[in-house]
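1. Have a look; sequence and predicted model below, questions after that.
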2 protein chains.
Amino acid sequence: MKISNAESVVMEALWRAAPRTAEEIAAEVAGPNGWTEATVKTLINRLLKKKAIAAEPEGRRYRYRPLAERAAYVRAESQGLLDRLFDGRLAPMVSHLSQARALSPEDVAELKRLIAEMDE
Amino acid sequence: MKISNAESVVMEALWRAAPRTAEEIAAEVAGPNGWTEATVKTLINRLLKKKAIAAEPEGRRYRYRPLAERAAYVRAESQGLLDRLFDGRLAPMVSHLSQARALSPEDVAELKRLIAEMDE
DNA sequence: CGAGGACGTTTACCCATGTAATCGATGCAG
DNA sequence: CTGCATCGATTACATGGGTAAACGTCCTCG
């Protein structure tokens, strides 16, 4: 099932560190997103329904862990965008993004390294 | 204002060629997406409301033309993804995508060229 | 033992979106 | 002139998502 935008914020938190309690998750994501703890709880529940995360009982409460893998999520999202906007071609995308936002020299160096690697 | 997924299909059609009538647009996008002409008309109207396109009268009907620029749309979309998933860093994104999907030699060559260009 | 709190669960509500049918005006074929 | 076909405009309706409060249950402190 599809993970929505707001939900993905919770997922990211869990991908960063898991398992965690609802309280811990909320502590991390509620403020920056202007959400109340109630909102975070709703998101957690929707993710449970979608089987994107699992709950393991710990005493009185639960700790949540991701079931969906970040790599798969990232791949689906970026591939979708790539296909929709750049006809699946990476080069035009890189071209576009590098124009739209200046790259740091480190970025350029890193890219160069990547390409060199691919070129074998 | 935000352009939704379905709406973006209409936008893409108009970016490809404009101005066009609703009928022409529908002819191009309805079938492949499994939409009726009515659906396309709704999308057109929503885009009008959002000021993403404009209508110019032509005899008894209208021809539509994009107001929003594709470049801006593409930039917003890809930048959003880049920020959300790759912390705004292009190199990790390229790395991820090139792993997830093998690049053609042309792509690699093109990328190499791009990087070389940036490096000045 | 009783009250307050901590948690997860349920319910709520509104807006955007996907999808489409219907309506109203208008121009054209007879 | 009149009825049919066309168009755009209006209305419809279900689902998903963002946002959150209310509820029920159990634990714990006094």
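-> That came through fine.
2. separation between residue A:95 and residue B:100?
-> From residue A:95 across to residue B:100, the span is 19 Å (CB to CB, to the nearest Å). Every C-beta, even on glycine, is put in place using the N, C-alpha and C of the backbone.
3. So for those two, which sits in the more crowded spot?
-> Set side by side, residue A:95 and residue B:100 show more neighbours around residue A:95, with 18 against 15, by other CB atoms under 10 Å in any protein chain shown.
4. Does the more buried one touch residue B:117 like I think?
-> No: the pair residue A:95 and residue B:117 does not pass the contact test of CB atoms under 8 Å, sitting 9.2 Å apart.
5. check contacts around residue A:81.
-> B:77, B:78, B:81 (CB atoms under 8 Å, 6 or more residues apart in numbering or on different chains).
6. Residue A:63 now?
-> Listed by CB under 8 Å, 6+ apart, the contact set of residue A:63 reads A:18, A:19, A:20, A:21, A:55, A:56.
7. and if you look at residue A:20?
-> A:13, A:14, A:63, A:64.
8. Where does the record place the domain boundaries for chain A?
-> Domain assignment for chain A by automatic domain parsing gives A:5-66, A:89-120.
9. Just give me how far the strand or helix carrying residue A:82 sits from the chain centre.
-> Using DSSP states H and E, the element containing residue A:82 is helix A:70-86. In terms of CA atoms, centre = their mean, to the nearest Å, the centre of helix A:70-86 is found 11 Å from the chain centre.
10. where do the strands sit along chain A?
-> Ranges of strands within chain A are A:53-58, A:61-66, based on DSSP state E.
11. Name the stretch among those strands that sits most buried.
-> Greatest average neighbour count among the strands of chain A goes to strand A:61-66 (a mean of 17), per mean count of other CB atoms under 10 Å in any protein chain shown.
12. for that strand, what is the average pLDDT?
-> Strand A:61-66 carries an average pLDDT of 94.
13. again, but for stretch A:16-23
-> The average of the pLDDT scores along stretch A:16-23 is 92.
14. And it, how far out from the chain middle?
-> With CA atoms, centre = their mean as the basis, stretch A:16-23 stands 15 Å off its chain's centre.
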